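# Any chance you can model this:
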Amino acid sequence: MKFTDEHRQLRRTVVDFVDKRINPHVDAWEEAGDFPAHEVFREAGKLGLLGVNKPEAYGGMGLDYSYQMVVSEELGTCRCGAIPMALGVQTDMATPALARWGSDELRREFLAPAITGEAVAAIAVSEVSGGSDVAAIKTVARKDGDDYVINGSKMWITNAAQADWLCLLVNTGDGPVHANKSLVIVPTKLPGVTIGPKIDKLGMRASDTCPVYFEDVRVPQRHRIGQEGMGFMMQMLQFQEERLCGAIGSVRGMERVIAATIAYCKERQTFGRPLIANQVVHFRFAELQTEVEALRSLCYRAVEDYVGGADVTLFASMAKLKAGRLSREVADACVQYWGGMGFTWDNPAARSYRDSRLLSIGGGADEIMLGIICKLEGTLPKGAH
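Numbering: from 1, shown residues only. Next up is the predicted model:
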């Protein structure tokens, strides 16, 4: 992929934003278990970072997805995974379908403030009964006049505690499970919407993740994105951007923890010489760096095809699968080289170890990615599913 001066300037903008506005506060936010999303998002919005590939008519830059990829990649310079994930929900998970298929009225009401950072968005798909199995969701919206009346619940919703609105996948009909769903924008302050307590997670500590409950929530049908019954298809396309965001967003994080671990191994003395002097150690870093660079190349190829209008479900699934597994491998190796220090809570490798584990679960588990890859590559055995 060839990058322009505009790509490079955008990279510098993101790194400067992270260095000045995020990293100085990461430890405090991790300790507190949340961060001031509205404040951080407004600052990101002023820099244009929340609408890079969104339509100019609603405050976006109108650039192609390669520029959004640059933002996601450089957010990996954050010293935790929680803030990049929260920002990624805003740009790559809750808003792509709205930007592409939403009515003009709906985009002005909800997309525009999400681009400026005045509103915090969340994507509400997963349920206790249907995480990776999106077709199995049970939340229902029945028609009543010009409204939908929504009942059900969602689980593991990132940004939920501070979200102003949800992009909700909900059953709006009784037909086949892949054709009875719609995406509906639901403001969180509506009567009947209850945000549950924050979930005490293994990692991504600074990100607020909560269950959300809906009891007779009345939403105008005009809040539906696109045609009724097309929600499953739209969500599958949103997953392409979510998975690319997660994959490319992991690259800088892995490079960061590898660099920190190399620096430590140069200082740490074992048996009269630096730990890095052992061939098994510096060779291992070379292997890990090579794997990270290969992942970056896969992501770049996928994004290049995506910008060209191709369906990148295969490459996005491969990239997410590889990113989740490689993130675990890198974090585990680095924890080992830090020794006892690696087993302490605030160690950078330990934080990466905790945060990176989610990548193989959220947005479609590794097993789902493998199934997609097998299906699209024609390697699925006869009779298997």
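
# how close does Lys181 get to Ala206?
32 Å (C-beta to C-beta, to the nearest Å). All C-beta spots, glycine's among them, are computed from the backbone N, C-alpha and C.

# residue boundaries of the helices in the stretch 101-250 of the chain?
104-106, 112-116, 231-267 (DSSP state H, counting those that start in this stretch).

# closest one to Val40 among those?
Of all the helices of the stretch 101-250 of the chain, helix 112-116 sits nearest to Val40, with 13.0 Å by C-beta to C-beta.

# okay, the closest one in PDB with CA atoms only?
What follows is helix 112-116, C-alpha atoms only, in PDB (Å, rounded to 0.1, in the frame of the first residue of the first chain):
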ATOM      1  CA  ALA A 112     -23.100  14.200  13.000                       C
ATOM      2  CA  PRO A 113     -22.700  14.400  16.800                       C
ATOM      3  CA  ALA A 114     -20.900  11.100  16.800                       C
ATOM      4  CA  ILE A 115     -18.400  12.600  14.400                       C
ATOM      5  CA  THR A 116     -17.800  15.700  16.500                       C
END
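
# what is the rounded mean pLDDT of that helix?
Per-region confidence: helix 112-116 scores 98 on mean pLDDT.

# In terms of secondary structure, what does it contact?
Secondary-structure packing of helix 112-116 (3 or more C-beta pairs under 8 Å, 6 or more residues apart in numbering; DSSP states H and E): helix 37-46.

# Just the CA trace of the following helix or strand past the helix it packs on, in PDB.
Of the helices and strands lying after helix 37-46 in sequence (DSSP states H and E), the nearest is helix 65-74. The C-alpha trace of helix 65-74 is given here as PDB (Å, rounded to 0.1, in the frame of the first residue of the first chain):
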ATOM      1  CA  TYR A  65     -10.900   3.600   4.600                       C
ATOM      2  CA  SER A  66      -7.100   3.600   4.300                       C
ATOM      3  CA  TYR A  67      -7.100   6.800   6.200                       C
ATOM      4  CA  GLN A  68      -9.300   5.400   8.900                       C
ATOM      5  CA  MET A  69      -7.000   2.400   9.000                       C
ATOM      6  CA  VAL A  70      -4.100   4.800   9.700                       C
ATOM      7  CA  VAL A  71      -6.000   6.200  12.700                       C
ATOM      8  CA  SER A  72      -6.700   2.700  14.100                       C
ATOM      9  CA  GLU A  73      -3.100   1.600  13.600                       C
ATOM     10  CA  GLU A  74      -1.600   4.600  15.400                       C
END
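
# ok, residues contacting the next helix or strand after helix 65-74?
On the C-terminal side of helix 65-74, the nearest following helix or strand under DSSP H and E is helix 82-88. If you take C-beta atoms under 8 Å, 6 or more residues apart in numbering as the criterion, helix 82-88 is touched by 22, 26, 29-30, 35, 37, 40-41, 44, 49-50, 72, 75-76, 78, 158-159, 203-207, 242, 245-246, 249, 253, 355, 358.

# cool, stretch 25-44 as well?
17, 21-22, 50, 78-80, 82-83, 86-87, 90, 116-118, 120, 159, 161-162, 198, 205-208, 346, 351.

# switch the cut-off to 7 Å
17, 21, 50, 78-80, 83, 86-87, 90, 117-118, 120, 159, 161-162, 198, 205-206, 208 (C-beta atoms under 7 Å, 6 or more residues apart in numbering).

# next one: stretch 333-353
79-80, 253, 257-258, 260-261, 264-265, 275, 281, 284, 288, 331-332.

# now do 6 Å
Contacting residues not belonging to stretch 333-353 are listed as Val257, Ala260, Thr261, Cys265, Ala331 [C-beta atoms under 6 Å, 6 or more residues apart in numbering].

# low pLDDT regions in the protein?
385 (pLDDT under 70).

# still on that earlier bit, widest-spaced pair of the contacts of stretch 333-353?
Pairwise across the contacts of stretch 333-353, and taking C-beta to C-beta, the largest span is found between Cys265 and Ala331, at 15.4 Å.

# who has more neighbours, the two?
Per other C-beta atoms under 10 Å, whichever of Cys265 and Ala331 has more neighbours is Ala331, with 26 against 21.

# what about the nearest residue to Arg107 once chain neighbours are set aside, neighbour count?
Once flanking residues are discounted, Arg107 sits nearest to Tyr58: 5.2 Å by C-beta to C-beta, 6 or more residues apart in numbering. Tyr58: 23 surrounding residues under other C-beta under 10 Å.

# so who does Tyr58 touch?
Neighbours of Tyr58 in contact, by C-beta under 6 Å, 6+ apart: Arg107, Leu111, Ala112.

# Show the buried residues in those residues.
The neighbour count (16 or more other C-beta atoms under 10 Å) marks Arg107, Leu111, Ala112 as buried among these.

# Save these as JSON lines, and put in distance to Tyr213 too.
Converted to JSON lines, the buried ones among the contacts of Tyr58 look like this (distance: C-beta to C-beta, whole Å):
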{"residue": "Arg107", "distance to Tyr213": "27"}
{"residue": "Leu111", "distance to Tyr213": "25"}
{"residue": "Ala112", "distance to Tyr213": "28"}
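
# Just the closest of those to Gly130, please.
Leu111 (26.4 Å).

# OK, contacts around the closest one?
Tyr58, Leu98, Ala99.
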